[in-house]
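Enquirer: Predicted model and sequence below, questions to follow.
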Amino acid sequence: MKTLLVCIDFSDVTECLISNAIKLAQAFEEKIFLLHVTEPDPDFIGFSTGSKTVREQWAKKFSREHAALCEMQKRLHSTSLEVEGIVVQGAVADKILQHVASLHADMILMGTHGHGGLYNLLVGSVTGNVLKRATCPVVLVNAKEEKNAI
C-alpha cells in the first residue's frame, strides 16, 4: 500500500486538498496521513509567553486544531479510506520532511497560497522549502486557482 502525506493548514486550500486526497487515494490505493504542523510553543522557542491567559490561549488553539483534524479524519473514514491524523508542533517544512521519512511517504499533497516572489524572499515559503528537499513527488494545489485540482 502506498502512503500519501496531506499537509493541512486549515486555510482556503484545505477543502480542495481533502477532495484531491480522496481522488488520489482511491486511484492509487493509498493510505492517507493528514498532517497539521502547528506553531511551536513560545516557551519552547525561547520567547516568554507572558500570563497564564496567553498560555491558555495557546492550549485552546492547539486543542481546536486537533479537533478539526480529527473531524476531517472521521469524514475521510466515511469514504472507506485508511486515514490517520497527526498534529505536531515545530518548524513546518522540517516537520513535514521528518514525517515523509518516518512514514515512508510515496507522495506529498500540499497547498500553495500563491504569494509572490518578494513575499517568499522576505518571509520564506514552506512549499518552496519542501519542494527543494523532498525525496518523493510533491503535488501542489493552488488556493487561488481551482483549475489546478486533480
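Expert: Received it, and whenever you're ready, just let me know what you need.
Enquirer: State the distance from Leu24 to Ser125.
Expert: 23 Å (C-beta to C-beta, to the nearest Å). No exception for glycine: its C-beta is placed from N, CA and C like everyone else's.
Enquirer: And for Ala91?
Expert: For Ala91, the distance to Ser125 - C-beta to C-beta - is 13 Å.
Enquirer: Enumerate the positions of the longest helix anywhere in the chain that are buried.
Expert: The longest helix of the chain (DSSP state H) is helix 52-77. With burial defined by 16 or more other C-beta atoms under 10 Å, the residues of helix 52-77 counted as buried are Trp58, Glu65, Ala68, Leu69, Met72, Gln73, Leu76.
Enquirer: Give me the contact list for the helix or strand following that helix.
Expert: Using DSSP states H and E, the next helix or strand after helix 52-77 towards the C-terminus is strand 83-89. Strand 83-89 is contacted from outside by 31-41, 44, 62, 65-66, 69-70, 72-73, 76-77, 95, 99, using C-beta atoms under 8 Å, 6 or more residues apart in numbering.
Enquirer: now the helices: where do they sit in the chain?
Expert: 14-28, 52-77, 92-103, 117-123, 126-133.
Enquirer: Where among those is average confidence lowest?
Expert: Mean pLDDT values for the helices of the chain show the minimum at helix 117-123, a mean of 51.
Enquirer: count of neighbours near Asn129?
Expert: 17 (other C-beta atoms under 10 Å).
Enquirer: Now do the contacts for it.
Expert: Residues in contact with Asn129, defined by C-beta under 8 Å, 6+ apart, are Ala93.
Enquirer: Relative to Leu103, how far out is it?
Expert: Asn129 is 18 Å from Leu103, where distance means C-beta to C-beta.
Enquirer: Who is Leu34 paired with across the strands?
Expert: Legend: beta-bridge partners of Leu34 under DSSP bridges are Val6, Gly85.
Enquirer: Measure how buried it is and give me the count.
Expert: Leu34 has 24 neighbours, counted by other C-beta under 10 Å.
Enquirer: Isn't it up against Ile8?
Expert: Yes: with contact defined as C-beta atoms under 8 Å, Leu34 and Ile8 form a contacting pair (5.4 Å).
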